[in-house]
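Visitor: quick check, what structure comes out for this input:
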Amino acid sequence: MPSIFSKYRSHYGDNLKLAIPVVISQLGHTLVQTSDTIIVGHFAGTVSLAAVALASSIFVVPLIIGIGISYGSTPLIAQHNGRKEYRECGQLLSNSLLINVLTGIILFAIVCLGSIYLLDHLHQSPPVLKQARPFLMLLALSVIPMLVFNTFKQFAEGLGFTKQAMMISIWGNILNICLGITFVKGLFGIHPMGIMGVGYSTLIDRCLMALIMGIYVFRSKNFKQYLKGFALKNIDRVRCLRILKIGAPVALQYTFEISAFSAAAVMIGTIGLVQLAAHQIAINLASMTYMMSSGLSAAAAIKSGNYFGAKDHGGLRLSANASYHIVLIFMSLTALIFTFGNHVLPWIYTSDGSVILIASQLLILAAIFQLFDGAQVVGLGILRGMGDVNIPTAITFLAYWIVGLPIGYYWGIHLNWGINGVWYGLVLGLMVSAILLFIRFKIISKHHRDKQIIIIARD
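Guide: Numbers count the residues shown, from 1 in each chain. The predicted structure follows:
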């Protein structure tokens, strides 16, 4: 152990210095939904909590698609920054902003159509549907400012500036909680809005975060040399396609995983209202650790992009291994928290004893898949930084939609194992994804390293 620590010590420090602010800002996406869930669970009741579960399970798919597409610019910016091609970074920002705004508008339109034609065919409880539909519309509208925020966030983080997005996320979540409680309960003379209150608070919060992040990027002296390339005239088909060539597969990678969990939520909703509310609690807690691991993944993508751009493949492998070590240690700690706190954590969300009982069982399963979840998302980040996105996309589809979800349906619905059976399938899917992505990283990184050694030997 001492020799391993000594070997990776500098990489642990560099990766954590970059990752910690990214982790906190990434966590902001989930904390918005977490605070919404807690506020509704305590102040609006179990039916409203189930409505949040249904709407959030549907909304998380377009949310993740948007986030994935916005990630397309980060490894490119990191690679060009590694080559000291500063002007190109600003040109990529111009194209990324256009892509993300259009993506947000398209996703909003898709969710609007889906809320009209899809919800009534999911065999959910009518009281739940009545509250879920308008709440889903507000969440969908908030995806546009969220992607504007993410555009500037990914640009800054790709250049190694991570603390500002973290601070904006922290204050944004504080504002979201304050507004959510005020609107839901009807404080300060405001009429109580119920579940719609957290929808409005989320929309307002994301609009302000986008505005502040944009002001920071354009006014900070840190980006002056990069923003020389930022202009409408620099928007072109070639750069847009370069961003989408990475962003679209990344969006698919996250979509295959998250949509599998969303489909699982719809399955669970057919089992019962209480089970769906319990699923929302367990998956919300698991989502927090996932998004924190996603922050480590984003930092790993930036570091691997820097090393890959500089053609330092030995350093890339060391940095990537260090990222794996960090995420496995972190997820081991969260697994222990879920295991020993499984009867306590659900009380944060609700006081309904029947919901708490089921949620406590699910948290044991969530503890089991923590290591797999962390390993697979960091693996995706490392490969993304190297520009390898197509094979990982196929791996995620195989893991979740060929293995995890069908087995979860068979065990949970066909064999009547209930909600636990559905979750067993999800755990299996995460395990398959983590193992295959790690094998892919080892193969492709060794290929690039050996190729570089041959080139050096010839010279």
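
Visitor: pLDDT below threshold where in the stretch 351-459 of the chain?
Guide: 449-459 (pLDDT under 70).

Visitor: 50 instead?
Guide: Across the stretch 351-459 of the chain, nothing is flagged by pLDDT under 50.

Visitor: for it, what spans make up the helices?
Guide: 353-385, 390-397, 405-409, 419-458 (DSSP state H, counting those that start in this stretch).

Visitor: packed most tightly, which of the ones you listed would that be?
Guide: Burial of the helices of the stretch 351-459 of the chain is given as mean neighbour count (mean count of other Cβ atoms under 10 Å); helix 353-385 ranks first at a mean of 24. The C-beta positions use only the backbone N, C-alpha and C, and glycine is treated the same way.

Visitor: packing partners for it?
Guide: With contacts taken as 3 or more Cβ pairs under 8 Å, 6 or more residues apart in numbering; DSSP states H and E, helix 353-385 sits against helix 73-82, helix 237-271, helix 273-309, helix 313-340, helix 390-397, helix 419-458.

Visitor: residue 60 is nearest to which of the ones you listed?
Guide: Comparison of those against residue 60 by Cβ to Cβ identifies helix 237-271 as nearest, at 5.3 Å.

Visitor: what is the rounded mean pLDDT of the closest one?
Guide: Helix 237-271 comes out with an average pLDDT of 80.

Visitor: what residues sit buried inside it?
Guide: When burial is assessed from 16 or more other Cβ atoms under 10 Å, helix 237-271 yields the following buried residues: 239-240, 242-244, 246-265, 267-269, 271.

Visitor: go on, stretch 93-110?
Guide: Quick answer for stretch 93-110 (16+ other Cβ under 10 Å): 93-100, 103-104, 107-108.

Visitor: stretch 165-178 too?
Guide: 165-166, 168-169, 172-173, 176-177.

Visitor: mind listing the strands for the stretch 1-150 of the chain?
Guide: With DSSP state E, counting those that start in this stretch as the criterion, the stretch 1-150 of the chain has no strands.

Visitor: rewinding a little: the helices and strands packed on helix 353-385: which one's closest to residue 20?
Guide: For the helices and strands packed on helix 353-385, distance to residue 20 was read as Cβ to Cβ. The smallest value, 8.0 Å, belongs to helix 273-309.

Visitor: stretch 179-188: which residues count as buried?
Guide: 179-185.

Visitor: actually stretch 334-341, not the one I typed
Guide: For stretch 334-341, using 16+ other Cβ under 10 Å, the buried residues are 334-335, 337-338, 341.

Visitor: hmm, who's touching that stretch?
Guide: Residues outside stretch 334-341 that contact it (Cβ atoms under 8 Å, 6 or more residues apart in numbering): 285-286, 289, 345, 363-364, 366-368, 370-371.

Visitor: swap the cut-off to 10 Å and go again
Guide: 282, 285-286, 288-290, 292-293, 344-345, 347-348, 360, 362-371, 373-374 (Cβ atoms under 10 Å, 6 or more residues apart in numbering).

Visitor: let me know the average pLDDT across that stretch.
Guide: Stretch 334-341 comes out at a mean pLDDT of 92.

Visitor: swap in stretch 6-23?
Guide: Rounded mean pLDDT across stretch 6-23 is 74.

Visitor: so how far is it from its chain's centroid?
Guide: Offset of stretch 6-23 from its chain centre (Cα atoms, centre = their mean, to the nearest Å): 20 Å.

Visitor: what's the answer for stretch 52-60, then?
Guide: 14 Å.

Visitor: how about stretch 349-356?
Guide: 26 Å.

Visitor: and stretch 144-159, by the same measure?
Guide: 14 Å.

Visitor: try stretch 404-421
Guide: 25 Å.

Visitor: hmm, who's touching it?
Guide: Applying Cβ under 10 Å, 6+ apart, the external contacts of stretch 404-421 come out as 256-257, 259-261, 263-264, 267-268, 270-272, 274-276, 278-279, 282, 358-359, 361-362, 364-365, 398-400, 422-433.

Visitor: ok, 8 Å please
Guide: 260, 263-264, 267-268, 270-271, 275, 278-279, 358, 361-362, 365, 422-430, 432.

Visitor: residue 204 versus the residue nearest the centre of the chain, what's the distance?
Guide: Computing the C-alpha centroid of the chain and ranking residues by Cα atoms, centre = their mean puts residue 291 first, at 5.0 Å. Separation of residue 291 from residue 204 (Cβ to Cβ, to the nearest Å): 21 Å.

Visitor: again with residue 373
Guide: 31 Å.

Visitor: got it, and residue 259?
Guide: 28 Å.

Visitor: residue 281 is in contact with residue 352, isn't it?
Guide: No. Here residue 281 does not reach residue 352: they are 10.0 Å apart, not a contact under Cβ atoms under 8 Å.

Visitor: neighbour count winner among these two?
Guide: Higher neighbour count among residue 281 and residue 352: residue 281, with 28 against 20, using other Cβ atoms under 10 Å.

Visitor: please name the nearest non-neighbouring residue to residue 381.
Guide: residue 297 (3.1 Å; Cβ to Cβ, 6 or more residues apart in numbering).

Visitor: tell me the contacts of the one you found?
Guide: 323, 327, 377-378, 380-382.

Visitor: apply 6 Å and report the result again.
Guide: Residues near residue 297 by Cβ atoms under 6 Å, 6 or more residues apart in numbering: 377-378, 381.

Visitor: how about residue 226?
Guide: Applying Cβ under 6 Å, 6+ apart, the residues near residue 226 are 86, 89-90.

Visitor: out of those, who's the most crowded?
Guide: residue 89 leads the contacts of residue 226 on contacts (other Cβ under 10 Å) with 25 neighbours.

Visitor: need the pLDDT of that residue.
Guide: pLDDT at residue 89 comes out at 78.

Visitor: just to check, it is in contact with residue 76?
Guide: No. With contact defined as Cβ atoms under 6 Å, residue 89 does not reach residue 76; the gap is 8.4 Å.

Visitor: nothing else from me, thank you.
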